[in-house]
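# kindly generate the corresponding structure for this input.
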Amino acid sequence: MRRAFRKGAAATGVQTVVYVVSGQPDKVAPPTCLEALIDDLCHADAERLVLEQDDSLAAADRRIVAEQLRFQDNKDLRYTHMRRNEEPLLWVGDAVAWCFQKGGPWRADVEPLIGEVRRL
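Numbering: from 1, shown residues only. Modelled structure (predicted):
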């Protein structure tokens, strides 16, 4: 079932960017990745960002996004938090992140879904 999901996702042509932070505490990596994501989205003139709803991180996410949008002077990018069951594309990101972290054949399995790996 999981492999079928990954193959089906790859067949759609969807591409992800994997943000990697090495050698930093767990508390540093998520905000660093989110800042880089916002920067990339602003440069790509993206219109919408959906973040996975995690009640323990939502306030920090909103703060980081607002700060980055002010820094980028971007008034066009809209963002929201949604639960996994509300936005199925969140499943793709979760699957890619998990498999990339796991490495080996798992990483190879999601390679078609990875458009870029950014080491921060």
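# so which residue is smack in the middle of this structure?
The residue lying closest to the centre of the chain (CA atoms, centre = their mean) is residue 93, at 5.8 Å.
# pLDDT-wise, which helix or strand of this structure ranks last?
One helix or strand of the chain scores below all others by mean pLDDT, DSSP states H and E: helix 2-12, with a mean of 83.
# which parts of this structure are strands?
16-20, 48-52, 78-82, 114-119 (DSSP state E).
# ok, residue 80 to residue 110 distance?
Using CB to CB, to the nearest Å, one gets 25 Å for the distance from residue 80 to residue 110. C-beta coordinates here come from the backbone N, C-alpha and C atoms, glycine included.
# what about the two, which has more around it?
residue 110 (21 against 11; other CB atoms under 10 Å).
# what sits up against stretch 103-117?
Stretch 103-117 has contacts (CB atoms under 8 Å, 6 or more residues apart in numbering) with 3, 6, 9-10, 14-18, 20, 92, 95-96, 98-100.
# which among those residues gets closest to residue 52?
residue 92 (11.5 Å; CB to CB).
# the closest residue to that closest one other than its chain neighbours and residue 96, how far apart?
In space, and not counting its chain neighbours, residue 92 is closest to residue 9: 5.0 Å by CB to CB, 6 or more residues apart in numbering. The gap separating residue 9 from residue 96 is 9 Å, by CB to CB.
# residue 90 too?
11 Å.
# and the two? Which one has more around it.
Under the criterion of other CB under 10 Å, the comparison of residue 90 against residue 96 puts residue 96 first, with 23 against 17.
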